[in-house]
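K.L.:
I'll drop the sequence and a predicted model, then ask my questions.
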2 protein chains.
Amino acid sequence: MARTQGSHSDITGPRVRDAALRLFARHGYASVSMRQIANDVGVQAGALYNYTPDKQTLLFDLMHMHMTSLLSAWRAQAPDKKIPAIKRLESFARFHIRINTQRADAVFLAYMELRNLTSENFEHIGRLRREYENELEDIMHQGNEAGVFAVDEPRISAMAVIAMLNGVNVWFRESGRLSLDAVEEHHLKLVQRVVALKP
Amino acid sequence: MARTQGSHSDITGPRVRDAALRLFARHGYASVSMRQIANDVGVQAGALYNYTPDKQTLLFDLMHMHMTSLLSAWRAQAPDKKIPAIKRLESFARFHIRINTQRADAVFLAYMELRNLTSENFEHIGRLRREYENELEDIMHQGNEAGVFAVDEPRISAMAVIAMLNGVNVWFRESGRLSLDAVEEHHLKLVQRVVALKP
DNA sequence: GTCTATAAGTTGATAGAC
DNA sequence: GTCTATCAACTTATAGAC
């Protein structure tokens, strides 16, 4: 979509972020040049700097937006802490699988490109990630205390569950043998087995 | 370790691969220049081309060496297919956790840098990865047939288990609260829960 | 807000001396 | 086998015209 000279302020900002997200996820941050992003958006490279001070900030903003929207989406729909751990666990597992497939590029970026963040930005994203992990760890503790789970190491088991669920993104395709619904049901069962849910 | 002019053929080849492995794993393939690798080894950039025709081949060789040595190490110590699935599963889980922590850089590279392989090289590494996954899938099938596992989807469950075990590398440190032995025992238990091992 | 032009530096890879 | 020197292409980011 080539452009001629002039003002086209419409929605270039979001389009820059969309293009960067997709290209970074597909080829890797370091492999994608500002020219490639500009070309994808349909502007010249210089124009990108109206929307980001530099490439590093563009990466950080994408990761930061993903993590904060992940946390707020979960908190908006998370069941009250007073309801049984088994229901909260199910809710978390279903939410995580859905988000992972709906926002595959952002999820991929947020844990593949940590190496390319400055140390300050790395710490910031790391804190948000830990906040999210804490949500699941809290559910593990509650289930243990209620005597419905048998989790030896709540923190480590929470990370094991998240790693297992993130693995879906490696192979899942809409066009594959299993529907997303089927994958969700299957992995929910695996998660329940990991916490040794008393049936 | 600066060098002066002359022949130092000793062990430069392995040192180039060691440096490349470490730097690629730490900073990402695309972020590391041939000059950085050369500097780490203690030679000038031009000298690297005595050991690899180009940067892409260097990456591919590192990944290929890891995958083939992974497969042959497993096959060398894998229990006979006639022994019970429960023992084979335990053997696989322990082997995988050990390898993952012993060769953390290679493991990291082999699944983080797939994007930076040419399509031909990508296919090649993908086949080796599938061979490895097949080893675990085979164990799942055997356990199901023997009636000791209750795995609904052997292929997908195999990948879920591998994803869960790979997750250890994200947080495990030798200096951390848990020893590698403790982590191995803990995750073995999680794996056994995932296959719903009858106790 | 976007363009063109450009600065200043880095990149992968090669050629030829030693 | 390693060095130095070099090339052509590419990089991020900026300046100033429109």
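P.N.:
Cool, the structure landed. Numbers count the residues shown, from 1 in each chain, chains lettered A, B, ... in the order given.
K.L.:
Residue A:171: what's it in contact with?
P.N.:
By CB atoms under 8 Å, 6 or more residues apart in numbering or on different chains, the residues touching residue A:171 are B:156, B:159. Every residue, glycine included, has its C-beta placed from N, CA and C.
K.L.:
do you know how far it is from DNA strand C?
P.N.:
30 Å (CB to the nearest atom of the strand, to the nearest Å).
K.L.:
Could I get the pLDDT score of that residue?
P.N.:
You'll see residue A:171 listed with a pLDDT of 96.
K.L.:
Now it: phi and psi?
P.N.:
The phi/psi pair for residue A:171 (degrees, to the nearest 10) reads phi -120, psi -20.
K.L.:
what do you get for the one 3 residues further on?
P.N.:
Main-chain torsions, residue A:174, degrees, to the nearest 10: phi -50, psi -40.
K.L.:
Dead centre of chain A: give me the residue that sits there.
P.N.:
Centroid-nearest residue in chain A, with CA atoms, centre = their mean: residue A:107, separated by 3.1 Å.
K.L.:
Show residues contacting stretch A:100-116.
P.N.:
With contacts defined as CB under 8 Å, 6+ apart, stretch A:100-116 is touched by A:21-22, A:24-26, A:28-30, A:56, A:59, A:62-63, A:65-67, A:70, A:99, A:122, A:125-126, A:129, A:165-166, A:168-169, A:172, A:180, B:26-28, B:31, B:112.
K.L.:
chain center to stretch A:172-184, what's the gap?
P.N.:
Taking CA atoms, centre = their mean, to the nearest Å, one finds the center of stretch A:172-184 at 19 Å from the center of the full chain.
K.L.:
what comes up buried for stretch A:171-178?
P.N.:
The neighbour-count check on stretch A:171-178 (16 or more other CB atoms under 10 Å in any protein chain shown) flags A:172, A:178 as buried.
K.L.:
now stretch A:82-94
P.N.:
Here stretch A:82-94 shows A:85-86, A:88-94 as buried, counting by 16+ other CB under 10 Å.
K.L.:
any idea how chain A splits into domains?
P.N.:
By the assignment in automatic domain parsing, chain A contains the domains A:1-53, A:55-194.
K.L.:
Ok, which of these comes nearest residue B:133?
P.N.:
The closest of the domains of chain A to residue B:133 is domain A:55-194. By CB to CB, the value is 9.7 Å.
K.L.:
what's the first-to-last distance across the closest one?
P.N.:
End-to-end span of domain A:55-194 (CA to CA, to the nearest Å): 41 Å.
K.L.:
re the thing from before, please narrow the contacts of stretch A:100-116 to those residing in helices.
P.N.:
If you go by DSSP state H, the contacts of stretch A:100-116 have A:21-22, A:24-26, A:56, A:59, A:62-63, A:65-67, A:70, A:99, A:122, A:125-126, A:129, A:165-166, A:168-169, A:180, B:26-27, B:112 in helices.
K.L.:
which of those count as buried?
P.N.:
Among those, the ones that count as buried by 16+ other CB under 10 Å are A:21-22, A:24-25, A:59, A:62-63, A:66-67, A:70, A:99, A:125, A:129, A:165-166, A:168-169, B:112.
K.L.:
near DNA strand D, which of the contacts of stretch A:100-116 show up?
P.N.:
When contact is defined as CB under 7 Å from any atom of the strand, the contacts of stretch A:100-116 meet DNA strand D at residue A:56.
K.L.:
where does residue A:133 sit relative to residue B:12, distance-wise?
P.N.:
Remark: distance between residue A:133 and residue B:12 (CB to CB, to the nearest Å) = 43 Å.
K.L.:
wait, does stretch A:19-28 contact DNA strand C?
P.N.:
No: using CB under 7 Å from any atom of the strand, stretch A:19-28 never reaches DNA strand C; the gap is at least 12.8 Å.
K.L.:
For residue A:55, give me its contacts.
P.N.:
Taking CB under 8 Å, 6+ apart, we find residue A:55 in contact with A:29, A:34.
K.L.:
go with 10 Å
P.N.:
A:20, A:24, A:29-30, A:32-34, A:37, A:48-49, A:116 (CB atoms under 10 Å, 6 or more residues apart in numbering or on different chains).
K.L.:
coming back round to it: would you single out the least confident of the domains of chain A?
P.N.:
domain A:1-53 (a mean of 90).
K.L.:
picking up where we left off before, relative to residue B:198, which of the buried residues of stretch A:82-94 is nearest.
P.N.:
Among the buried residues of stretch A:82-94, and counting by CB to CB, the member closest to residue B:198 is residue A:86, at 22.3 Å.
K.L.:
residues in contact with that closest one?
P.N.:
Counted by CB under 10 Å, 6+ apart, residue A:86 has contacts A:139, A:142-143, A:146, A:148-149, A:192, A:195, A:197-198.
K.L.:
Among the residues you listed, which lie within helices?
P.N.:
Counting by DSSP H, these place A:139, A:142-143, A:146, A:192 in helices.
K.L.:
Now the buried members of those residues.
P.N.:
Buried subset of the ones in helices among the contacts of residue A:86 (neighbour count, 16+ other CB under 10 Å): A:139, A:142-143, A:192.
K.L.:
Now the two most distant members of these.
P.N.:
Spatial extent of these (CB to CB) is set by the pair A:142 and A:192 at 14.8 Å.
K.L.:
Give the burial count for the nearest residue to residue A:36 once chain neighbours are set aside, as a bare number.
P.N.:
Closest residue to residue A:36 apart from its sequence neighbours, by CB to CB, 6 or more residues apart in numbering or on different chains: residue A:23 at 6.2 Å. For residue A:23, the count of nearby residues is 19 (other CB atoms under 10 Å in any protein chain shown).
K.L.:
can you pull the contacts of residue A:23?
P.N.:
Counting by CB under 10 Å, 6+ apart, residue A:23 has contacts A:29, A:31-33, A:36-37, A:39-40, A:105.
K.L.:
cutoff 7 Å now
P.N.:
Residues near residue A:23 by CB atoms under 7 Å, 6 or more residues apart in numbering or on different chains: A:32, A:36-37, A:40.
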